[in-house]
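Colleague: here is my input; please provide its structure:
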Amino acid sequence: MINSYIDPDVKNRISILRFVMIFGIVVLHTPTYVNIANVGSGWFDLTKAFFQSAVFRCTVPMLTCISGYLLFRSGLDRDFRKLWLKKCRTLLIPFLVCNSLLALFVYIIQAEAKLPMSYQLYPFNLGTMLDAAFGLTTSPVNYPLNFVRDLFILMILAPLFGLVLRRSPFAGLVLVVPVFWFNIDGFLIVRNEMPIMFYIGGMAAVQNWNIKRLDRYAGLCLVLFLALCVSVIYFKATNTTYIRFVAPILLWPASALFSDTKAGYWLARKSRYSFFIFLLHAPLLMVSFVLYKQLAPHVPYALYWFLTPVAVTCFLITAYKLGMAYTSVSFTRVFGARTA
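Modeller: From the prediction side, this is the model:
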């Protein structure tokens, strides 16, 4: 029998990490991306690479692990009808709305202005449009939402994962790793590490692991994580698989350093905005870069890169508050937001 109780401190740390990871994703996607092999030696180039090519590469594994832990801790996988109805409301509907509307907007812009973009929707092609709107075989037009796409698929698979987790968890892990890491599932899951981290999060919940065991080494874990990130930059490592899998093990204990602090409580309170920020940050970053290119002769790129993630995050938090204040019912249905 799963104990669905979650320690308040654990809840607080999950909220902290959720907001920090989502903000990290905004930083990760702020244009332009530079391959680690081409990073310059200046202080700004190295700082940008440190966050975009190392630190925030841990965001998806960390968030996926948390999702697996929370789902299987709640035992919701045992009631697949309730699970799927809930996830259709909180994941599928926001995914479809945000992608479909953006796909339509991009198509109209490309048709009218003939603008070349990484996702070319004009002239019309049914297969390309379906991928752009629904992410059937590849990333959707709102490219960060391939995470939501994959997470929804994992929710569909959760009852099956749950059966294995309760009967033979380690044998299940031995099966899950090769099936998804070597892409035996085809295009079912885009990000290969997500099912593995989701399953590991489920193991922690089902087997009632003491997830605070390493808290006494919180400082050391943080130092080790940062050292790994520095090594990525120093050696210009293009393969960051190791840091993506190790990061949750190090970052979770490290979060204990911030849990019972004013900064930690402030970050935890911002967690409610995380999903909304995630849904809409990419289009705003795209618009911001188009505007920046007009101002580039007068505005240093470093200033743009440092300020834009903060500005986009603040703008979306404000939009969320306004949406909940004036159109709470519609806003909740479209974006999967929780009512007060």
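Colleague: next, the buried residues of stretch 5-25.
Modeller: For stretch 5-25, the neighbour count (16 or more other Cβ atoms under 10 Å) marks 10, 12-25 as buried. Where you see a C-beta, it was placed from the backbone N, CA and C, and this is true even at glycine.
Colleague: in helices, which of those appear?
Modeller: Under the assignment DSSP state H, the buried residues of stretch 5-25 contribute 10, 12-25 to helices.
Colleague: where does this structure have low pLDDT?
Modeller: For the chain, applying pLDDT under 70 flags the ranges 1-3, 338-340.
Colleague: domain ranges for it?
Modeller: 14-53+261-340, 60-211 (automatic domain parsing).
Colleague: can you get me the start-to-end distance on the last one?
Modeller: Think domain 60-211. 19 Å (Cα to Cα, to the nearest Å).
Colleague: could you look up the SS state of Thr238?
Modeller: State at Thr238, reduced to three classes by DSSP: H, G, I helix; E, B strand; the rest coil: coil.
Colleague: name all residues that make contact with it.
Modeller: Shown in contact with Thr238 (Cβ atoms under 8 Å, 6 or more residues apart in numbering): Asn35, Ile36, Ala37.
Colleague: which of those residues sits closest to Leu102?
Modeller: Asn35 (25.9 Å; Cβ to Cβ).
Colleague: give me the distance between the nearest residue to that closest one once chain neighbours are set aside and Ile25.
Modeller: Using Cβ to Cβ, 6 or more residues apart in numbering and skipping the chain neighbours, the partner closest in space to Asn35 is Thr238 (7.5 Å). Distance of Thr238 to Ile25, computed by Cβ to Cβ, to the nearest Å: 20 Å.
Colleague: before we move on, what about Val179?
Modeller: The gap separating Val179 from Ile25 is 26 Å, by Cβ to Cβ.
Colleague: same thing with Val164?
Modeller: Counting by Cβ to Cβ, the gap from Val164 to Ile25 is 30 Å.
Colleague: again, but for Val299
Modeller: 24 Å.
Colleague: likewise for Leu220?
Modeller: For Leu220 relative to Ile25 (Cβ to Cβ), the value is 26 Å.
Colleague: count the neighbours of Thr332 for me.
Modeller: When neighbours are counted by other Cβ atoms under 10 Å, Thr332 registers 16.
Colleague: tell me which element it is part of?
Modeller: Using DSSP states H and E, Thr332 sits within helix 328-335.
Colleague: what separates that helix from the chain centre, distance-wise?
Modeller: Per Cα atoms, centre = their mean, to the nearest Å, the displacement of helix 328-335 from the mean C-alpha position of its chain is 21 Å.
Colleague: tell me the buried residues in that helix?
Modeller: Phe331, Thr332, Val334, Phe335.
Colleague: looks like the first one contacts Met324 (just checking).
Modeller: Yes. Here Phe331 reaches Met324: they are 5.7 Å apart, a contact under Cβ atoms under 8 Å.
Colleague: could you measure from Met324 over to Val334?
Modeller: 12 Å.
Colleague: next: Ala37.
Modeller: Distance, Ala37 to Val334, by Cβ to Cβ: 41 Å.
Colleague: ok, now Leu224?
Modeller: When Leu224 is compared with Val334 (using Cβ to Cβ), they lie 41 Å apart.
Colleague: one more: Leu267?
Modeller: 26 Å.
Colleague: need phi/psi at the most centrally placed residue in the chain.
Modeller: Central residue of the chain (Cα atoms, centre = their mean): Val60, 4.6 Å from the mean position. Main-chain dihedrals, Val60, degrees, to the nearest 10: phi -70, psi -50.
Colleague: how about it, what does it touch?
Modeller: Phe147, Arg191, Glu193, Met194, Arg244.
Colleague: now Tyr13, nearest residue through space, not along the chain?
Modeller: Just to correct that, residue 13 is Arg rather than Tyr. Closest to Arg13 by Cβ to Cβ, 6+ apart is Ser255, at 4.4 Å.
Colleague: that neighbour against Val10, yeah?
Modeller: No. Using Cβ under 8 Å, Ser255 is not in contact with Val10, being 9.6 Å away.
Colleague: the stretch 151-300 of the chain: helices as residue ranges?
Modeller: 169-181, 193-206, 218-234, 241-254, 256-259, 262-269, 274-295 (DSSP state H, counting those that start in this stretch).
Colleague: now do the longest one: everything it contacts.
Modeller: If you take Cβ under 8 Å, 6+ apart as the criterion, helix 274-295 is touched by 18-19, 21-23, 25-26, 29-32, 94, 98, 102, 142-145, 147-148, 299, 301, 304, 308, 311-313, 315-317, 319-320, 335-337.
Colleague: still on that earlier bit, among the ones in helices among the buried residues of stretch 5-25, which pair sits farthest apart?
Modeller: Comparing every pair within these by Cβ to Cβ identifies Val10 and Ile25 as the most remote, at 22.3 Å.
Colleague: thought Tyr265 was touching Asn12?
Modeller: Yes. Using Cβ under 8 Å, Tyr265 is in contact with Asn12, at 7.4 Å.
Colleague: count of residues packed around Phe180?
Modeller: Neighbour number of Phe180 under other Cβ under 10 Å is 20.
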